[in-house]
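**Student:** pasted the sequence and its predicted model underneath.
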Amino acid sequence: MNTFHLQIITCDRVFYDGECESLIFPGFDGQIEILAHHAPMATTVAVGEVRFRDAEGKTQAVIVSDGIVNTADNTVTLLAFSAERPEEIDAHRAQMALEMAREEMQRKQSIVEYNLSSAAMARAMARLSGAKRIHPDDFNT
Amino acid sequence: MANAHEILNRIKSIRDTMKITKAMYMVSSMKVQKAKKKLAETLPFFDGLQKQIREVLLHFPEMHHLYFDNRIEDERELVKRKIYIVITGDKGMAGPYNLNVIKAAREKFSEDEDYRIYCVGETGRHVFMAEKLPVSVDFRMSSNNPSIHRARVMCEMLTDKYKNEEVDEIHVIYTRMRNSVTSEVRTEQLLPLRTSRFLSDQVKKAAQGEIVDASEMEIFPSPEDVLETLVRNIITGFLYGAMVESQASEESARMMSMKTATDNADAMLSELSRQYNQFRQAAITQEITEVVGGAKALQKKKAKKKAKAVAEEA
């Protein structure tokens, strides 16, 4: 299968830098898959699970926070604030963060606080679902 | 003898202080290493973001976004309302580090009429509050152990204010490390973003030959949305970087001043122990003189007695 070069860069490390067959990420209106020789494109990545198949055909899952994907010259760059493998996620901490965010949402908040806690909630939910390996849609509330 | 005792006390207290400065030196040098590592790790991310913005700008050179400095509306505003984010340390004992930032900030403030100060770090807040400058009270940030989370909160607060047009410009005053020894205070404009910083003339020229029309690159859902995410990430990343770099400078300043303090203590100790030895020597000499003097006096007395006895006998 044709491959392309994939770079996943987060603010504290270069998470992945290598060949890849396919990349699926949560886009602005649903999942988007990128294959080799994609047309030049820039788009946003929502908080959630990114899956990619590397050159050996192994599928890897990564939980990312919001970011940007850029494709050019058969090279795909994914810039996100954080990227974690499911096994790296501390489910207990994610659960705590989720509960805290939920509690904060209950309170009357300013728009700034609301944005912050809803973003925190989205991140916590994405990490939890990644840790439990269940689809974000199955996660009710 | 009292004097020698005083010197001993002094030596002891200096030794104790030296233990503290030595420990602080060690802690600071660890923290510098940590901050430097953090800074190096953010570089690829930041470079990537810069590249992306440049690309979006290259494809849509006519775009006049709220976040950029090429808007026509901006030129009509006569007075710019500004926010200054001043990054200082939480604690003192860092040589001239805090003072340098505060001095540079004061200089900036003197040029403006309508501004507010957002302080990161306690030292700056205390100083500006005491001077009755317009310090924002709902913005309390510590500068110790900068985290992405803190940068995110700051970014959210700032972009909210900026988008509601409560402020026109946001500047950051922070300390940058030039190398491991010297650092300098810098002022950067955070918002609106300077388009020229992303689009230097050479890049423009080079790009004109290759990519001109926007159709070559698809942008979903819209350039504005992508820019929104990009700009937020840039702001958060920049704030994070500025905080990390400031902390690295702070710790390296503290490291140096602690090293000087330890060296000074060493010098004082050697001077004091010399003095102490002198005193001790003097005391011993005096004692010996006294003993010898006493013995001589006794001898003389004895000799006199003997002489007297001899005389009486005779």
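**Tutor:** The structure has been received and is ready for your questions.

**Student:** contact residues of chain A facing chain B?
**Tutor:** Residues of chain A that fall close to chain B, judged by Cβ under 8 Å from any Cβ of the partner chain: A:7, A:9-14, A:27-29, A:39-44, A:66-68, A:70, A:72, A:77, A:79, A:81-82, A:111-112, A:115-116, A:119. Every C-beta, even on glycine, is put in place using the N, C-alpha and C of the backbone.

**Student:** now, those that are in helices?
**Tutor:** Judged by DSSP state H, helices contain the following of the residues of chain A next to chain B: A:111-112, A:115-116, A:119.

**Student:** buried only: go through those residues for me.
**Tutor:** A:112, A:115-116, A:119 (16 or more other Cβ atoms under 10 Å in any protein chain shown).

**Student:** residue 25 sits in which helix or strand?
**Tutor:** Going with chain A. strand A:13-26 (DSSP states H and E).

**Student:** meant chain B, my bad for not saying
**Tutor:** helix B:2-59.

**Student:** specify the beta-bridge partners of A:Arg69.
**Tutor:** Quick fix: residue A:69 reads Val, not Arg. Beta bridges link A:Val69 to A:Thr43, A:Leu78, judged by DSSP bridges.

**Student:** run a quick neighbour tally on B:Arg116.
**Tutor:** 17 (other Cβ atoms under 10 Å in any protein chain shown).

**Student:** the strands in chain B, which residues?
**Tutor:** Secondary structure of chain B (DSSP state E): strands at B:82-87, B:115-120, B:169-177, B:183-191, B:218-219.

**Student:** whoops, chain A was the one
**Tutor:** A:4-10, A:13-26, A:31-35, A:41-45, A:48-54, A:59-64, A:67-72, A:75-80, A:83-84.

**Student:** mean pLDDT and mean neighbour count added to these, as CSV?
**Tutor:** Putting those into CSV (pLDDT from 0 to 100; neighbours: other Cβ atoms under 10 Å in any protein chain shown) gives the following:
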stretch, mean pLDDT, mean neighbour count
strand A:4-10, 90, 21
strand A:13-26, 90, 17
strand A:31-35, 90, 15
strand A:41-45, 88, 21
strand A:48-54, 88, 20
strand A:59-64, 87, 19
strand A:67-72, 86, 22
strand A:75-80, 90, 22
strand A:83-84, 85, 22
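
**Student:** quick one: which of the ones you listed is nearest B:Glu166?
**Tutor:** strand A:41-45 (26.1 Å; Cβ to Cβ).

**Student:** against which helices or strands is the closest one packed?
**Tutor:** strand A:67-72, helix B:2-59, strand B:218-219, helix B:223-313 (3 or more Cβ pairs under 8 Å, 6 or more residues apart in numbering or on different chains; DSSP states H and E).

**Student:** got CSV for those, with distance to A:His92 too?
**Tutor:** Converted to CSV, the helices and strands packed on strand A:41-45 look like this (distance: least, Cβ to Cβ, whole Å):
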stretch, distance to A:His92
strand A:67-72, 25
helix B:2-59, 25
strand B:218-219, 39
helix B:223-313, 26
